[in-house]
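**Q** Sequence first, then the predicted structure:
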Amino acid sequence: MPAKLEGKVATAPPRPNAIRPASVAALAAVADVHLTRPAHADVQVTGVTLRAQHVVPGDLYAALPGARVHGADFAETAIANGAVAVLTDEAGAAREALKDVPVLIHPRPREVVGLLAAHVYGRPSTKIRLWGVTGTSGKTTTTYMIESVLKAAGRKTGLIGTVGTRIGDEQLDSSHTTPEAPDLQALFAVMAERGITDVAMEVSSHALELGRVAATEFEIGAFTNLSQDHLDFHASMEEYFEVKAQLFDGRARKEVVCVDGEWGPRLVKDGTITVSTTGPATWTASGVEVSPTGEQTFTAHGPDGDVEIHLPLAGSFNVANALLAIACLHAEGISAEAVAEGLRTVQVPGRMQRVDEGQDFTAVVDYSHKPAAVALALDAVRAKTDGRVIIVLGCGGDRDRAKRPLMGEAAAQRADVLIITDDNPRSEDASSIRAAMLEGALATVNRGEVLEIGDRKLAIEKAVELAHPGDVVVVAGKGHETGQEIAGVIHPFSDVETLTAAIRKAHR
Ligand SMILES: CC(=O)N[C@H]1[C@@H](OP(=O)(O)OP(=O)(O)OC[C@H]2O[C@@H](n3ccc(=O)[nH]c3=O)[C@H](O)[C@@H]2O)O[C@H](CO)[C@@H](O)[C@@H]1O[C@H](C)C(=O)N[C@@H](C)C(=O)N[C@H](CCC(=O)O)C(=O)O
Ligand SMILES: Nc1ncnc2c1ncn2[C@@H]1O[C@H](COP(=O)(O)OP(=O)(O)OP(=O)(O)O)[C@@H](O)[C@H]1O
């Protein structure tokens, strides 16, 4: 019985026009894998994909063993869509559906799929300059900063990350922060084909662990910070760190590391460029001033002198993100003028984004969905108000359960009103997620009151209703996202739109 295809399938990623076909025999040699049917050695492969629904004629279908299903369960669909060869493991190769196609067998096929895709698409990462940013928080923001400055410097840029993918000014949706290896290699090839010279990209720990950035050469590897997250996927913080550290094992020609906190210093070796907001480093900042609307000015001190920075983003952590971007850009010879200009105009959707309907309190949407980020976001708004801080906060389902009480704790310690609500419960019972957050919130010294309102729209409306003049309402967790995933179905939901509507409805 062929497996049931998933209803929710992300849009197929773009493919390059110019393809250099490779024979399955050549691919078997590249990845040093066993080819089951040498009689088919000349079959020509023109693309690679690991999603059966995205196969186009001429593709190698990578049927990977997954945590939920085996890719070989979808081989019939892949072949019907035109797959001419399959990469899989021994178990996959035994499937009846594969009896007539050439099969490349590897004990861990995920490890070689990136290499094969890079070969088929002509090693595209060597044709562009890749700026890779990893770390728990700040990846999106730092890549947006790098992209904005590179544009100001006249480069043709691409961007790959959580909010979306950009090829020049064309915007595509992202289903992952870092795409799967074949999609990523195809994307690099498309970007190179369209004359993109520089690509700022987020490198998630999932990507490093799952080989999504195999056969990818980075010009710059940058590290923001590490705090608790994804402990459903990584066994411990130490393992999580070791995975992040893979970006600094020779894959990048230049390494730039934020050494604030305990983890960054462990990545420093001879030649590492460092940045810090708290101690000595190659790049430091001084004279940080915050305007009433949260914009920041500061002086960045680097090896060749100072750069005056005006940043339209609130939060002290954005000074750290900016320093990291500045250090990367300086290492690549980008002028101080372009750095100042690009940072002066940078905008990052859903990150400390203000919603201003002329109301008498401040309203902010922020993508903070990790305990450390919640703490920093609340500290940042607290520093700017004499009023109360009200936060609407949830926690995702089917992800790191250990962080739920810590999210509740971080918020309850800092907010005058914490409204615990839902945020992508996915397949889980939303009330049990809220209960775990509540447990953390009630186990600490609360600054104020804690409410529980599951319905996110009602929770946001309640926050607006409770706000007094001069207060700050923070709607945290979803940032730029446009949907709420409940029981496998994505319901349209935007924090910015909901907050805007709530303020208008309340005539504030
Ligand atoms: C832990 C993780 O990342 N898992 C990814 C992994 O899942 P898996 O190996 O278990 O695969 P599976 O779903 O069992 O499927 C097995 C094989 O069958 C294929 N298949 C499966 C179903 C189908 O209908 N058709 C089909 O072809 C799949 O493509 C796959 O090759 O491979 C799948 C196929 O690409 C991914 O969808 C899946 O991402 C899951 C859904 C996910 O949510 N990942 C998140 C956590 C993630 O990667 N996040 C990071 C960033 C996190 C952050 O920084 O906050 C990211 O880079 O996005
Ligand atoms: N350097 C930083 N240190 C701590 N918190 C940060 C930092 N930069 C951003 N944040 C917080 O994290 C939130 C997400 O920021 P951003 O999207 O840039 O991080 P990210 O690493 O891309 O996150 P994700 O991996 O979840 O996509 C922000 O809204 C802010 O609250």
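**A** Now that the structure is in, tell me what you want to look at. Numbering: from 1, shown residues only. Ligands and ions are numbered 1, 2, ... in the order given.

**Q** switch to C-alpha atoms for all contacts and neighbour counts from now on
**A** Will do.

**Q** Show me where the stretch 401-508 of the chain has its strands.
**A** In the stretch 401-508 of the chain, strands defined by DSSP state E, counting those that start in this stretch lie at 417-420, 449-452, 472-476, 483-486, 489-492, listed in chain order.

**Q** actually the stretch 101-250 of the chain, sorry about that
**A** Under DSSP E, counting those that start in this stretch, the stretch 101-250 of the chain gives strands at 103-105, 129-134, 157-160, 165-167, 170-172, 198-202, 218-223.

**Q** Now find how far off-centre the fifth one is within its chain.
**A** If I follow you right, that is strand 170-172. 16 Å (Cα atoms, centre = their mean, to the nearest Å).

**Q** by contact count, what packs against it?
**A** strand 165-167 (3 or more Cα pairs under 8 Å, 6 or more residues apart in numbering; DSSP states H and E).

**Q** How about the strand it packs on and ligand 2, touching?
**A** No: Strand 165-167 is not in contact with ligand 2 by Cα under 6 Å from any ligand atom; minimum separation 12.9 Å.

**Q** Return the residues of the protein in contact with ligand 2.
**A** 136-141, 162, 224, 317-318, 320-321, 351-352, 366-368, 373, 377.

**Q** how about a cut-off of 8 Å?
**A** 134-142, 161-163, 177, 202, 204, 224-225, 315, 317-321, 350-352, 366-370, 372-374, 376-377, 476-477, 479 (Cα under 8 Å from any ligand atom).

**Q** now, which of those lie close to ligand 1?
**A** Thr136, Thr162, Thr177, Ser204.

**Q** Now rank these by neighbours and give me the top one.
**A** Ser204 (25 neighbours; other Cα atoms under 10 Å).

**Q** In this structure that residue contacts Thr178, no?
**A** Yes: using Cα atoms under 8 Å, Ser204 is in contact with Thr178, at 6.1 Å.

**Q** circling back: so can I have TSV of the strands of the stretch 101-250 of the chain showing mean neighbour count and mean pLDDT?
**A** TSV is the format used below for the strands of the stretch 101-250 of the chain (neighbours: other Cα atoms under 10 Å; pLDDT from 0 to 100):
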stretch	mean neighbour count	mean pLDDT
strand 103-105	26	97
strand 129-134	25	98
strand 157-160	27	98
strand 165-167	22	95
strand 170-172	12	90
strand 198-202	27	98
strand 218-223	26	98
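
**Q** And stretch 432-452, end to end?
**A** Stretch 432-452 has an end-to-end distance of 12 Å (criterion: Cα to Cα, to the nearest Å).

**Q** Stretch 37-52 too?
**A** By Cα to Cα, one end of stretch 37-52 lies 21 Å from the other end.

**Q** cool, and stretch 394-412?
**A** Termini of stretch 394-412 sit 13 Å apart (Cα to Cα).

**Q** So what's the gap between it and the chain middle?
**A** Distance, centroid of stretch 394-412 to centroid of chain: 19 Å (Cα atoms, centre = their mean).

**Q** Now do the buried residues in that stretch.
**A** Neighbour-count burial for stretch 394-412, counted by 16 or more other Cα atoms under 10 Å, picks out 394-397, 399-401, 403-412.

**Q** What are the boundaries of the helices in the stretch 51-200 of the chain?
**A** For the stretch 51-200 of the chain, the helices defined by DSSP state H, counting those that start in this stretch occupy 75-80, 90-93, 110-120, 139-152, 181-193.

**Q** would a markdown table of those with mean neighbour count and mean pLDDT be doable?
**A** Formatted as a markdown table, these follow (neighbours: other Cα under 10 Å; pLDDT from 0 to 100):
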| stretch | mean neighbour count | mean pLDDT |
| --- | --- | --- |
| helix 75-80 | 22 | 97 |
| helix 90-93 | 17 | 96 |
| helix 110-120 | 25 | 96 |
| helix 139-152 | 26 | 97 |
| helix 181-193 | 25 | 96 |
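
**Q** between the ones you listed, which gets nearest to Glu341?
**A** helix 139-152 (6.6 Å; Cα to Cα).

**Q** what comes into contact with the closest one?
**A** 131, 133, 156-159, 161-163, 198-203, 224, 318, 321-322, 324-326, 329, 334, 338-343, 345-348, 351 (Cα atoms under 8 Å, 6 or more residues apart in numbering).

**Q** That helix versus strand 218-223: what angle between them?
**A** 140 degrees (axes from the mean of the first three to the mean of the last three Cα atoms, to 10 degrees).

**Q** what's the offset of helix 139-152 from the middle of its chain?
**A** Its chain's C-alpha centre and that of helix 139-152 lie 14 Å apart, by Cα atoms, centre = their mean.

**Q** what about Thr272, neighbour count?
**A** Neighbours of Thr272 under the rule other Cα under 10 Å: 15.

**Q** so what's it closest to, chain neighbours aside?
**A** Nearest residue to Thr272, sequence neighbours excluded (Cα to Cα, 6 or more residues apart in numbering): Glu255, at 5.3 Å.

**Q** Which other helices and strands does the helix or strand where the one you found lies contact?
**A** Per DSSP states H and E: Glu255 is located in strand 252-258. Packing partners of strand 252-258 (3+ Cα pairs under 8 Å, 6+ apart): strand 218-223, strand 273-276, helix 317-331.

**Q** In the sheet, which strands lie alongside it, parallel or antiparallel?
**A** strand 218-223 (parallel), strand 273-276 (parallel) (DSSP bridges).

**Q** among the ones you listed, which is nearest His491?
**A** The nearest among those, by Cα to Cα, is strand 218-223 at 33.9 Å.

**Q** Please work out which residues outside the closest one touch it.
**A** So strand 218-223 is contacted by 125, 129-135, 247-248, 251-258, 264, 324, 328 (Cα under 8 Å, 6+ apart).

**Q** now Thr299, nearest residue through space, not along the chain?
**A** That would be Glu308: by Cα to Cα, 6+ apart, it lies 4.7 Å from Thr299.

**Q** for the helix or strand containing the one you found, what is the average pLDDT?
**A** If you go by DSSP H and E, Glu308 is part of strand 305-311. The average pLDDT within strand 305-311 is 96.

**Q** and that strand, which residues are buried?
**A** In strand 305-311, counting by 16+ other Cα under 10 Å, buried: Val307, Glu308, Ile309, His310, Leu311.

**Q** Can you pull out the low-pLDDT segments for the stretch 201-350 of the chain?
**A** Scanning the stretch 201-350 of the chain for pLDDT under 70 picks out nothing.

**Q** Close to ligand 1: what parts of it are there?
**A** Counting by Cα under 8 Å from any ligand atom, the stretch 201-350 of the chain sits next to ligand 1 at Val203, Ser204, Ser205, His206, Ala207, Leu210, His230, Phe233.

**Q** ok, the third one touching Lys244?
**A** Spelled out, that is Ser205. Yes: under the criterion of Cα under 8 Å, Ser205 makes contact with Lys244 at 5.6 Å.

**Q** Touching both of the two, which residues are there?
**A** Thr134, Gly135.

**Q** and the strand or helix carrying Val392, what other elements does it pack with?
**A** Using DSSP H and E, Val392 sits in strand 389-393. Here strand 389-393 touches helix 371-382, strand 417-420, helix 456-466, strand 472-476, going by 3+ Cα pairs under 8 Å, 6+ apart.

**Q** Give me whichever of those is most buried.
**A** Of all those, strand 472-476 has the most neighbours on average by mean count of other Cα atoms under 10 Å, namely a mean of 28.

**Q** Now do that strand against helix 456-466, angle only.
**A** Counting by the same axes, to 10 degrees, strand 472-476 lies at 170 degrees to helix 456-466.

**Q** Point out the other helices and strands that strand 472-476 packs with.
**A** strand 362-366, strand 389-393, helix 456-466.

**Q** Could you dump these into TSV and include mean pLDDT?
**A** Shown next, in TSV, are these (pLDDT from 0 to 100):
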stretch	mean pLDDT
strand 362-366	95
strand 389-393	97
helix 456-466	98
